[in-house]
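J.: I'd like to go over a predicted model; first the sequence, then the structure.
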Amino acid sequence: MTDRTRRPFTVPERLERLPLSGYQRMIFMIIATAWLFDSMDLGMLTYVLGSIKTEMHLSAAQAGALGSMSFAGMFAGAGLSGLLADRFGRRSVFQWSMVIWGIASILCAFAGSLSQLMAWRVLLGFGMGMEFPIGQSLVSEFIPTRHRGRYIALLEGFWPLGFIAAGVLAYLLLPLGGWRLVFVAEGVPAVFVLVVRRIVPESPRWLEARGHKEEAERVMSAFEEKVRNALGARELPHPLRLPAAASGLAAVSRFSFLELWTAGYAQRTAMVWSLWFFALIGYYGLTTWLGALLQEAGYTVTKSTLYIVTISLAGVPGFFTAAYLVEAWGRKPSMVATLAGSAVMAYYYGTAANTLALVSFGLGMQFFMFGMWSVLYAYTPELYPTHARATGAGFASSIGRVGALLGPTIVGLIKPAYGQSGVFAMGAGAFAIGALIVLALGVETRGKTLEELNPVRVRARSS
């Protein structure tokens, strides 16, 4: 598509003018459904760790180490998938991530020892770590700027839904076949990869940024036609010229990992890596142990599972609220608010003296923590341009998984000495540090195109 007197319109210029239609929403729902299945795998250990601990006669330190294994895999998967997706494309890496976590989940069901289970949890984490940064990159590159923050926040909202669905699945299957049957059931949805392969296109933004002009034109034209059909075959708005920095002309086809630490990116990278590290220490340090802590307090497996599902319901209004605030307030204030709320509620949850206080602060804690996730995933991919987006988001997620790996292990060490109050004070402190980091180093990204947020000066794209 061209202007009669000037250069052809770029992919960002063509994408940004498109109305939001049923076609974009369908792509979003497919990616979000895959995200939900992935989230179920990640959240399930919260519900089955107590059963595994009992069956395998694990100590608190061993259980904490098992809880950390997925995050060891996610550390490798998230960083590697970002590099691969920026080099080979988003769609193929997204598909392979689903195949890996599906196979790994079934292998977990047949683990004959703790060491085998740990190994398969690492592989499971590797697949999950691959999927998360690619999913957020895909959504951010398909959805126009005016809707982008809300939709990425809603994408992350499928994490609490997956967490709740995992609880329901555990509640139904644990009495029938124990934790092994649960892992088998979790592996089955990986066949959803066939739907992704058939319907979700490659990112035309990525294709153009990599210099694949003919394929970018083909994918973009097909995308426009499907949007037009979804809108009742009405004529699409004419593309509008964007400034060079916002049009995609500044895109480059090569990207080095070291560029994350150049003048244009260094502060953003330091901020987002630190944010992910402390947010995930707090979140996974607490949630991985929730079921086991309740069972040690005298709750049965069934009752502790039902209790966690109940307080997790607060995550649904939490992510809807975050999806509204990222556009109404902006990314930075929403990030600080959800982290601060998580810190306060986690601290008081740890000091709750009765059931009413436990439920009340538990609901508040889940509300803010799930809201925190929504803002985190909306914010991260916007900090990097198309040619580096998956790499930047992937390595931020990877550093976060170091925190996620350390969190359950730290809890296993803290709990014998300081009890439940010490555990939740640790989580609250991690959230508070994250909030202070964003307050000091964060930048606002609301209302700007992905290309406009690119701090690299305009330069010619290599052929």
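T.: The structure has been received and is ready for your questions.
J.: CA only for contacts and neighbour counts going forward, please
T.: OK.
J.: so residue 94 sits right up against residue 129, yeah?
T.: No: judged on C-alpha atoms under 8 Å, residue 94 makes no contact with residue 129 at a distance of 10.4 Å.
J.: Who has more neighbours out of these two?
T.: More crowded of residue 94 and residue 129, by other C-alpha atoms under 10 Å: residue 129, with 32 against 26.
J.: so that one is in which element?
T.: Element membership for residue 129, per DSSP states H and E: helix 114-142.
J.: what's the following helix or strand after that helix?
T.: Next in sequence after helix 114-142, counting helices and strands by DSSP H and E, comes helix 145-156.
J.: Next, the angle helix 114-142 makes with that following helix.
T.: 160 degrees (axes from the mean of the first three to the mean of the last three C-alpha atoms, to 10 degrees).
J.: which residues make contact with helix 145-156 from outside it?
T.: Contact with helix 145-156 is made by 16, 28, 32, 35, 136, 139-140, 143, 319-320, 322-324, 326-327, 373-375, 377-379, 446-450, as judged by C-alpha atoms under 8 Å, 6 or more residues apart in numbering.
J.: Mark which of those are buried, thanks.
T.: 16, 28, 32, 35, 136, 139-140, 143, 319-320, 322-324, 326-327, 373-375, 377-379, 446, 449-450 (16 or more other C-alpha atoms under 10 Å).
J.: So which of those are in helices?
T.: 16, 28, 32, 35, 136, 139-140, 319-320, 322-324, 326-327, 373-375, 377-379 (DSSP state H).
J.: residues near residue 199, how many?
T.: A total of 11 residues lie near residue 199 under the criterion other C-alpha under 10 Å.
J.: Just give the nearest non-adjacent residue to it, would you?
T.: residue 27 (7.5 Å; C-alpha to C-alpha, 6 or more residues apart in numbering).
J.: one step back: quick check: buried residues in the helix holding residue 129?
T.: 114, 117-142.
J.: residue contacts, the residue nearest the centre of the chain?
T.: Nearest to the geometric centre of the chain sits residue 132, at 4.6 Å (C-alpha atoms, centre = their mean). By C-alpha under 8 Å, 6+ apart, the contact list for residue 132 reads 35, 78.
J.: pLDDT weak spots in this protein?
T.: 1-6, 242-256, 288-289, 291-302, 450-463 (pLDDT under 70).
J.: and the residue nearest to residue 199, how many neighbours?
T.: Neighbourhood size, residue 27 [other C-alpha under 10 Å]: 19.
J.: gap between it and residue 97?
T.: In this view, residue 27 and residue 97 are 17 Å apart by C-alpha to C-alpha, to the nearest Å.
J.: try residue 395
T.: Applying C-alpha to C-alpha, the value for residue 395 to residue 97 is 16 Å.
J.: What of residue 311?
T.: Separation of residue 311 from residue 97 (C-alpha to C-alpha) stands at 30 Å.
J.: mind listing the strands for this structure?
T.: Under the criterion DSSP state E, the chain contains no strands.
J.: Longest helix in it, by number of residues?
T.: Under DSSP H, the chain gives helix 389-441 as its longest helix.
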